[in-house]
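Asks: Just to be clear, the model below is a prediction. Sequence and coordinates:
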Amino acid sequence: MMFTVASCTSANSFGQQHCFLSKFLLLVFAFLPITSSLQSPFLPQNINASIILESSQSNSNKFSVPSFSSVIATASQSKVPTMSLRAWTCHGRSQKDMVEKLSSAGIIKSTPIKEALSLVDRSNYVENPTGAYMDAPQPIGYGQTISAPHMHSHALEELLPTLTTFSRKFQQSQIPSEEDSCESSSTENELKILDVGCGSGYLTAALGRLVDRGDKGPIHPLTRGRVWGIDVVPHLIDLSTQNILKADKDLIDSGTVSVELGDGWKGLPSEGPFHAIHVGAAAESLPTSLMMQLHTGGVMIIPVGETHDIQTLYKVERLRESTEFRKEDFHTQTLLGVRYVPLVRP
């Protein structure tokens, strides 16, 4: 990028100093970082402000709103993950090329996520296949979009450590002893993942590849599991099913992946608790119904914020079991400033 700075011919010292200051400020502003979240680079990206919990019980279930000074102090002390400045630039000519660029940019950090995304071709899940490998969201109809590849990658990377932890626990519990029978392949030791707002089915399929119950098997070090994709729009359930059947039919045949009509605000309590929940649309507030469907130690990745306001991607971890919602039973971590379509209510 080239910048042209006008020359200064002022003879007096004040004019020369003013000109020097102008040049200096121009250079400073020219090299300010461009944030991947498309928010102002002057705004802290980890402000946890006024997040009101959705609760049918009372209005007392709220996160307290910190003062601005305390937010700034926290921001300076905590190490909040930030998106690579190369987000939005990882365009590829093929699925493999796009994944390689996401990996080179440090957005894909792990081998399991790289392998899973390499196995699911995005061209089968977009409305316009010619732009399938652009690192940008694309419309899929009905007012919804498929997220940019760098956002899918980031969400998967955030879920992976928890899925790995549970997988190791399952593997340890399946070590046979003398009194054990050989029938230790029960579904109790399978990972359970919920994808809310499955849209065109792309991330649902990628999650399925991670925990494949079929002949290909799960991606090391994960164990096998099941993925439920839900959406409130009936046409998108049909679309995601058709898309998965194109090249990932084995995920449905093996029972690894299923998609069904469902209210994203209420989740799928009949199949919970879930070790991981991904929400692909922005909720105005944190849905306690989804939080209560997390397994103890499970995590949820969810964007929160009004449609035309600043939105934030959160990671919610359930710390302990309880029959009623209590905010102290959950730990909420701020991840990124984001922009998502709204989580639609029925």
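Replies: Nice, thanks for sending it over. Residues are numbered from 1 along each chain as shown.

Asks: Please spell out which residues along stretch 270-286 are buried.
Replies: Residues 272-286 are the ones in stretch 270-286 that count as buried (16 or more other CB atoms under 10 Å). Just so you know, the C-beta spots here come from the backbone N, C-alpha and C atoms, and that holds for glycine as well.

Asks: out of the residues you listed, who's nearest R213?
Replies: Ranked by distance to R213 (CB to CB), these are led by H275 at 14.8 Å.

Asks: Pretty sure that closest one sits in a helix.
Replies: No: if the criterion is DSSP: H, G, I helix; E, B strand; the rest coil, then H275 is strand and not within a helix.

Asks: In terms of pLDDT, where does it sit?
Replies: pLDDT for H275: 98.

Asks: does it really touch T296, like I thought?
Replies: No: here H275 does not reach T296: they are 9.8 Å apart, not a contact under CB atoms under 8 Å.

Asks: which residue sits closest to K216 in space, ignoring its chain neighbours?
Replies: Once flanking residues are discounted, K216 sits nearest to D250: 7.2 Å by CB to CB, 6 or more residues apart in numbering.

Asks: wait, the one you found sits on G214?
Replies: Yes: the pair D250 and G214 passes the contact test of CB under 8 Å, sitting 5.1 Å apart.

Asks: on that earlier part again, looking at the buried residues of stretch 270-286, which two lie furthest apart in space?
Replies: Between any two of the buried residues of stretch 270-286 (CB to CB), the greatest distance is 25.8 Å, for H275 and E284.

Asks: picking that back up, list the contacts of the residue nearest to K216.
Replies: D250 sits next to 212, 214-216 when contact means CB atoms under 8 Å, 6 or more residues apart in numbering.

Asks: Which of the residues you listed sits closest to V341?
Replies: Closest to V341, out of all of the contacts of D250 and judged by CB to CB, is D212, at 28.9 Å.

Asks: doesn't the closest one fall inside a strand?
Replies: No: applying three-state DSSP, one finds D212 to be coil, outside a strand.

Asks: Quick one, grab the pLDDT at it.
Replies: 98.

Asks: Now for it, how many residues are close by?
Replies: Using other CB atoms under 10 Å, D212 has 23 neighbouring residues.

Asks: Surely it is in contact with S254?
Replies: Yes: shown here, D212 and S254 form a contact pair, counting by CB under 8 Å, at 6.9 Å.

Asks: can you list the weak-confidence ranges in this structure?
Replies: Counting by pLDDT under 70, the chain has low-confidence residues at 1-85, 175-187.

Asks: That one: helices as residue ranges?
Replies: 13-30, 68-77, 95-104, 111-119, 149-173, 202-210, 234-247, 249-253, 288-291 (DSSP state H).

Asks: ranking those helices by burial, who's on top?
Replies: Each of these was scored by mean neighbour count; the highest is helix 202-210, a mean of 29, by mean count of other CB atoms under 10 Å.

Asks: what's next to it, contact-wise?
Replies: So helix 202-210 is contacted by 112-113, 115-117, 119-120, 122, 125, 146-147, 152, 155-156, 160, 163, 193, 195, 198, 216, 218-219, 222, 225, 227, 229, 240, 243-244, 248, 251, 256-257, 259, 278, 280 (CB under 8 Å, 6+ apart).

Asks: Please verify my assumption that Q174 contacts E190.
Replies: No: with contact defined as CB under 8 Å, Q174 does not count as touching E190 (11.0 Å).

Asks: quick one, which of those two is more surrounded?
Replies: Per other CB under 10 Å, whichever of Q174 and E190 has more neighbours is E190, with 20 against 13.

Asks: show me the contacts for the residue nearest to that one when sequence neighbours are not counted.
Replies: Nearest residue to E190, sequence neighbours excluded (CB to CB, 6+ apart): G225, at 4.6 Å. Residues in contact with G225 (CB under 8 Å, 6+ apart) are 190-193, 210-211, 213, 218, 256, 275.

Asks: got the contact list for E328?
Replies: By CB under 8 Å, 6+ apart, the contact list for E328 reads L319.

Asks: Would you mind measuring from it to L319?
Replies: Look at E328 and L319: by CB to CB, to the nearest Å, they are 8 Å apart.

Asks: cool, and S103?
Replies: Counting by CB to CB - S103 and L319 are separated by 32 Å.

Asks: Likewise for G217?
Replies: Distance, G217 to L319, by CB to CB: 32 Å.

Asks: same deal with L239?
Replies: Per CB to CB, L239 is found 37 Å from L319.

Asks: now do G337
Replies: Distance of G337 to L319, given as CB to CB: 25 Å.

Asks: Neighbour count for the two, which is higher?
Replies: G337 (24 against 13).

Asks: how about R93, what does it touch?
Replies: Contacts of R93 (CB under 8 Å, 6+ apart): Y133.

Asks: One more: L239?
Replies: Residues near L239 by CB under 8 Å, 6+ apart: 140-141, 199-201.

Asks: one step back: wait, which of the buried residues of stretch 270-286 is closest to T89?
Replies: G280 (22.1 Å).

Asks: Correct me if wrong: that closest one contacts G201.
Replies: No: counting by CB under 8 Å, G280 does not reach G201; the two are 10.8 Å apart.

Asks: That'll do, ta.
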